[in-house]
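>>> Build me a structure from this.
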Amino acid sequence: MDTAATSSAVVVASERTGGATATDKRPPAPKAFVRQQVPDRILRDEALNAAIAALPPNYNFEIHKTVWRAEQAGVRNVALQFPEGLLMYACVIADVLERFVPSVEQVFILGDVTFGACCVDDFSAAALGADLLVHYGHSCLVPVSVTSVPCM
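From the prediction side, this is the model:
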């Protein structure tokens, strides 16, 4: 078989299988998907945006995303975990969640310092009966998919 015919057969097979062939050792290309977007009714809510304006603009607390996630899950009890330097904003965010997420009955602020700002304190959140833990701070090496309480 001639090399031009062989390479074109590999290209055709590669296109049909998403990039991988029997002779190709590369993993298939990841499938692209779009995560659910925060609805416009939340993004454009004037009262919510006014409440968010009380927070400093140099931090991104992702309040719209948090409100949407809590609404979707229908959570009643939310735990907020902050590193020590951001605890001063905890009450404002707790008030926002209590006001703008109808299902939220209680918001717990985890004020105890963990080992590091990235450590997720899901055990305390579970002990308090939280349905959702919102962790503020940089990411940790432990994936949040293995926590005992749903976490974002």
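>>> Which residue ranges of the chain form helices?
Under the criterion DSSP state H, helices of the chain are mapped to 3-16, 40-43, 46-52, 63-73, 90-100, 122-127.
>>> what helices or strands is the shortest one leaning on?
Judged by 3 or more CB pairs under 8 Å, 6 or more residues apart in numbering; DSSP states H and E, helix 40-43 is in contact with helix 63-73. Quick note: C-beta positions are derived from backbone N, CA and C, even for glycine.
>>> which residues touch stretch 52-69?
With CB atoms under 8 Å, 6 or more residues apart in numbering as the test, stretch 52-69 has contacts from 36, 38-39, 42-43, 48, 86, 89, 92-93, 96-97, 100-101, 132, 134, 136, 152.
>>> Mark which of those residues are buried, thanks.
Buried members of those, counted by 16 or more other CB atoms under 10 Å: 38, 42, 48, 86, 89, 93, 96-97, 100-101, 132, 134, 136.
>>> hang on, the earlier thing: TSV for the helices of the chain, including mean pLDDT and distance to residue 79?
Formatted as TSV, these follow (pLDDT from 0 to 100; distance: least, CB to CB, whole Å):
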stretch	mean pLDDT	distance to residue 79
helix 3-16	43	48
helix 40-43	94	21
helix 46-52	97	20
helix 63-73	94	11
helix 90-100	97	10
helix 122-127	86	4
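>>> among those helices, which is nearest residue 110?
Nearest to residue 110, of all the helices of the chain, is helix 122-127, at 5.5 Å by CB to CB.
>>> could you say what helices and strands the closest one packs with?
Helix 122-127 packs on strand 77-81, strand 106-110, going by 3+ CB pairs under 8 Å, 6+ apart.
>>> So which bits of it are buried?
So, applying 16+ other CB under 10 Å, buried residues of helix 122-127: 122, 124-125.
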